[in-house]
Every structure is written in C-alpha cells, then in structure tokens.
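[1] sequence first, then the predicted structure, then my questions.
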Number of protein chains: 2
Amino acid sequence: MTRVKAVKGLSWGQAAIGNAKWSGARLCDVLKDMGIERDTTDALHVQFEGLDTDPANMPYGSSIPIEKALDPYGDVYLAYEMNGETIPRDHGYPIRVIVPGVVGARNVKWLGKIIISKKESDAHWQQNDYKGFAPNVDWDTVDFKKSPAIQELPVISAICEPLEGGTVKVKNGKVKLRGYAWSGGGRKIIRVDVSADGGKTWQAADPLESDESRHPRAWGWSLWSAEVPVSKKSGEVQLCVKAVDSQYNTQPENFENIWNLRGVLANAYHRVNIKIEQ
Amino acid sequence: MTRVKAVKGLSWGQAAIGNAKWSGARLCDVLKDMGIERDTTDALHVQFEGLDTDPANMPYGSSIPIEKALDPYGDVYLAYEMNGETIPRDHGYPIRVIVPGVVGARNVKWLGKIIISKKESDAHWQQNDYKGFAPNVDWDTVDFKKSPAIQELPVISAICEPLEGGTVKVKNGKVKLRGYAWSGGGRKIIRVDVSADGGKTWQAADPLESDESRHPRAWGWSLWSAEVPVSKKSGEVQLCVKAVDSQYNTQPENFENIWNLRGVLANAYHRVNIKIEQ
C-alpha cells in the first residue's frame, strides 16, 4: 500500500504465522454468571483494559461488541493457558483476552479490567487508530468518528515461497508456490487461486489444508501449496495469490482503490516477482 | 461477467430491491421442540423440500448448515406472513423458509418437508448449480464436489441512477448518483465508495441509509446517494461503486479474475458509462 502513497502505520509484510491452543474461562460464561444475557442486557460493548500503560500512564484498552462477547460459539476466552502451559509473559500472563476472528488489537494482554458498557472503549486504539476510510480521506480531513473500529478482518492470503526477487528453477514447466490464507469472523478458507502470469490465468491451489473447524468457527490459518505452469522458458514472472472464504468474499486486485491513511486492511493480492530458469 | 467470457446462467443485472417484514415460527424453536440442540445433535444440515416439482417430478430442494438453523440470532423463519398479511402464492404460500443473509436459492417456497441430516440436500440446486470455481475451470473439467454450495453471499453494490448510456446534466461541477448495497451473513454495509472517473478517485457516499440493525444481524438492503465531482466539462465518464461491509470486506475491481462458469458471485464494481453535459 505504501507504494501507492505513504501511510502512517507500521511496516507489516507477510510473516511467520501459527495457530496456538488457548485455554481459560469463556467470557460468555463469566458474563452469564454476572447476570448479563443477550436478550436482556442494554449494554452494547465489552471493554478490556490492560495492565500495561503508555508514557502518560494510560492503560492499553479496546472493546468488542456485546454480540461477540455473549455468543457461546464466538469462543471469546479469558485465557490463562497457551498450548497447555501457563501463558508466557510476552503473550499476556497472567490473563489475556482471546477474540478469535477479530483483529489482534482487541485481544488485550495482561488483562486488568472488564467494563460492560453502552459505549466502546475510549482508548486511542479503539477510537482513533484501527479504522478504514475511503482513499480520498487524508490526515487534514479525517474524522475518526465516521468509521467503525475494525473488528473482523477481511479475507487475505500470502505467498511465502518463493520470495520476492528470487530465482526459481522450473520443473516440468511448473513453479512451486506455498503460503497461507485466513479470513475474519470465523469464515473458512474454501479456495485459494494462484497465478504465475501476473493474474492472466489462475488455478486453485491444491492441497489446501486447515483444521476440521466449520464456518462460522474456522478461526485458524490455512496453508496451501500449488504447482503452477509458466509459459516462459526464462525471464521474469509475477506470482499472485487470492483467497476465497466461506462467504465467497475474495480480495481486491490492487492497493490503489483500498488505500487508506493508516495503511490498514491491506488485503489486495499478494504479488511476488521472480526470475525463472530451466 | 459475460463480457469476459460466456457463462451458462441467468442474465441478472442490477434491479429493483426491497425489504419485506416476515413473520412465522423460528426454525430454531421448532427444532428445539423436537429435541434438536446445537451441543448434542450430530446433524450437520437442515434440508428443505418445496411442493413445486420439475418435469421429472422432483421437488425443489436445498439445505443450510445446522449452525445457521439453530442460531437463535440467525433469524431463520418458517414464515407464513409477509408484511403483516398471509404470504401471497408467488412468494411461497402457505409456508416458506426465510434464511436471512443467505442466497435466495436456500429460501425454499411452498415448503413441504424438513429433513435433519448429516448430509446436504441431494437436489440439483444444492449439489450441481450454485457454486463458485476458479476462472480456469470449464464445463469439461468442472467437479461440483470440489466447491461448497453458496450460502452467504459476498458484499455487493449497484448504481441505479443514472442508467448506462444516459446523458447527465452537471450541476455545480457534480453528478448525482443513487443505488443500493448489501452483504451476506448479516454483515452491515459501513461505507460505499463512488467514483466519477472510472475508479481513479473516490469518495464515500453520503447519506448511506439502512435500518437500525447491527452486525451480525444486518439482513436488509442499504440505500446510498452521492454527489461526485466530474473533471470534464462534457464527454464520457465512467461511474463506479464499491461497498465495504462490517467485516471490512470489499469488492474486486473487475470480473476477469472472478469469472466462473455459472456466472455466479458476480460482485465486481458496478460501472456505468454516461455522457455529461453542462
């Protein structure tokens, strides 16, 4: 997205991913025990405050909609174990919130306080940070109140092998690709399409691997690989990937039309330029 | 999509839309009364059979996942009233299924039978029709078992005014656009972006109107309008629209990369070419 126009954001790229096993108390059970039920509550949000503070002594904070918090199949956990052991300090010891299908920013670590409210968290990261805007909105005109806080993220995919700028040997007229895909809201990845000619022709990646979970509780990453024919004998080609989730949503082709001032929601096709050799 | 390459499908375009008020029995209550509960059932699907039959005397059929059928907030109804009156025959009298957020094909009219099963409906429309495939799959190579039946539809939008090929008067350097947007799975339309230069520049449509419903129970259509500047004094311009839903999914730019043999899931930007006059 930064190649389209500069953004004020962190420089994320494709990177290592993993699925962890989280254990703890279900937030819906804790709230039910406090008498908060979906049909009777007038609360709209559940706010979380971390024990970590910024230089002005303000705690990290976020919130999620009450519908997600109270859904017994939404799998929101007040987690105190990760992969069967006490959560390491870097991952949120002693208690962190796990909100599967939702952007990491709402998964508050070192949890100190839970607030049931009609209002979203007042924290900077909820109110004035992780939100999307139309491409014409800049820092002079932005009104953060005009956009909802990002909760569920859109469908995304990435090529992990080969790497950008690499030289790849062709075997039987094909190149081998591997990568990952994911979608927010518990949507399952149902297909990943790959191209070795910049998006002119496509084929479905095979195999496409994920755990047994079904829509709308497919919280984990999917891994895919593919062998894709290249028409050239040598020279440069562009590899592309796009994923399709169980809502049959797919990714936009390019970053131009989804550019936004914070550089978030950057889910256009991942493109990798390589040189091929026979 | 047919401009990219022919499809075997019906010739849908943008058209009149409306929200109706449906009343009846909640399917989750009916199933609960029969002892079917999400935590204990081993069923995976709820099949519906209509009383209407094809020339071979086979009834229309479809199915939905058990998760949707049993979700008390999924709002699946065995409806017998439409807008406060007995459902008209054309709309499914005496009973039809309403599955909000899900493709019309699963909303079976003239309901005759409900089957709780580990399997999806065997009907043609579930098994061999409304499914998506990668663009390289044609009728010689298609394997309908390789793709899941369409349930929730992806985000979409359309321009209703002005119409394709029309001549539009510019007022104060702007043209006025109106249209609709919608997303499957109860996702709410949070923004609609419009362009009057073929997608080079964008602005958010304002107003964007929908009912009070919240994600993930925003089942209805949203209506939008916008006044968009045109740089030309006269000549041809291309209007474009794309919507963003509460999962921050958006639409693909073009039909090329989402082409599929049945022509379904055709949610690329709606583009309308007009002539402008001062």
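    Yep, that arrived. Numbers count the residues shown, from 1 in each chain, chains lettered A, B, ... in the order given.
[2] CA atoms for contacts and neighbours, from now on please.
    OK.
[3] please name the nearest non-neighbouring residue to A:Y180.
    Counting by CA to CA, 6 or more residues apart in numbering or on different chains, A:Y180 lies nearest to A:L223, which is 4.4 Å off, once chain neighbours are set aside.
[4] so which strand or helix has that neighbour?
    strand A:222-229 (DSSP states H and E).
[5] buried residues in that strand, which are they?
    Buried residues in strand A:222-229, counted by 16 or more other CA atoms under 10 Å in any protein chain shown: A:S222, A:L223, A:W224, A:S225, A:A226, A:E227, A:V228, A:P229.
[6] one more: stretch A:26-38?
    So for stretch A:26-38, counting by 16+ other CA under 10 Å, buried means A:R26, A:L27, A:C28, A:D29, A:L31, A:I36, A:E37, A:R38.
[7] so it, near chain B or not?
    No. Residues of stretch A:26-38 are not located near chain B by CA under 8 Å from any CA of the partner chain, the shortest gap being 9.9 Å.
[8] how long is that stretch end to end?
    Start to finish, the residues bounding stretch A:26-38 are 15 Å apart (CA to CA, to the nearest Å).
[9] what's the mean pLDDT across it?
    Averaging pLDDT along stretch A:26-38 yields 97.
[10] next: stretch A:121-130.
    Taken as a whole, stretch A:121-130 has a mean pLDDT of 97.
[11] try stretch A:75-83
    98.
[12] rewinding a little: in CSV, list the buried residues of strand A:222-229 along with pLDDT.
    Listed next are the buried residues of strand A:222-229 as CSV, based on pLDDT from 0 to 100:
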residue, pLDDT
A:S222, 97
A:L223, 98
A:W224, 98
A:S225, 98
A:A226, 98
A:E227, 98
A:V228, 97
A:P229, 96
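[13] so what's the residue nearest to A:Y180 up against?
    Going by CA atoms under 8 Å, 6 or more residues apart in numbering or on different chains, A:L223 touches A:R178, A:G179, A:Y180, A:A181, A:L208, A:E209, A:S210.
[14] so which of these comes closest to chain B?
    Checking the contacts of A:L223 against chain B with CA to the nearest CA, the nearest one is A:L208 at 11.6 Å.
[15] that's a helix at A:D90, yeah?
    Yes. Applying DSSP: H, G, I helix; E, B strand; the rest coil, one finds A:D90 inside a helix.
[16] what does the stretch 151-278 of chain A have sitting close to chain B?
    A:151-155, A:184-185, A:190, A:193, A:199-204, A:246-253, A:257, A:265.
[17] from memory A:P59 sits against A:F48, does it?
    No. In terms of CA atoms under 8 Å, A:P59 does not count as a neighbour of A:F48; the distance is 9.8 Å.
[18] right, and A:P72 touches A:C28 too?
    Yes. Look at A:P72 against A:C28 with CA under 8 Å: they come within range, at 6.1 Å.
[19] could you report the neighbour count for the nearest residue to A:D211 once chain neighbours are set aside?
    Leaving out its chain neighbours, the residue that sits closest to A:D211 by CA to CA, 6+ apart is A:G220, at 7.5 Å. Other residues within reach of A:G220, judged by other CA atoms under 10 Å in any protein chain shown, total 23.
[20] from chain B, how far out is A:G220?
    17 Å (CA to the nearest CA, to the nearest Å).
[21] residue contacts, that residue?
    Per CA under 8 Å, 6+ apart, neighbours of A:G220: A:N19, A:W182, A:S210, A:D211.
[22] can you list contacts of the helix or strand harbouring A:L239?
    Per DSSP H and E: A:L239 is located in strand A:235-245. With CA under 8 Å, 6+ apart as the contact definition, strand A:235-245 has outside contacts at A:155-159, A:181-183, A:187-199, A:250-251, A:268-277.
[23] all the helices of the stretch 1-150 of chain A, in order from the start?
    Under the criterion DSSP state H, counting those that start in this stretch, helices of the stretch 1-150 of chain A are mapped to A:27-33, A:66-70, A:124-127.
[24] A:I98 is nearest to which of the ones you listed?
    Ranking these by proximity to A:I98 (CA to CA) places helix A:27-33 first, at 9.4 Å.
[25] report the contact partners of the closest residue to A:L70 other than its chain neighbours.
    Setting aside the residues directly before and after it, A:L70 is nearest to A:C28 in space (CA to CA, 6+ apart), at 4.5 Å. Shown in contact with A:C28 (CA under 8 Å, 6+ apart): A:A69, A:L70, A:D71, A:P72, A:V76.
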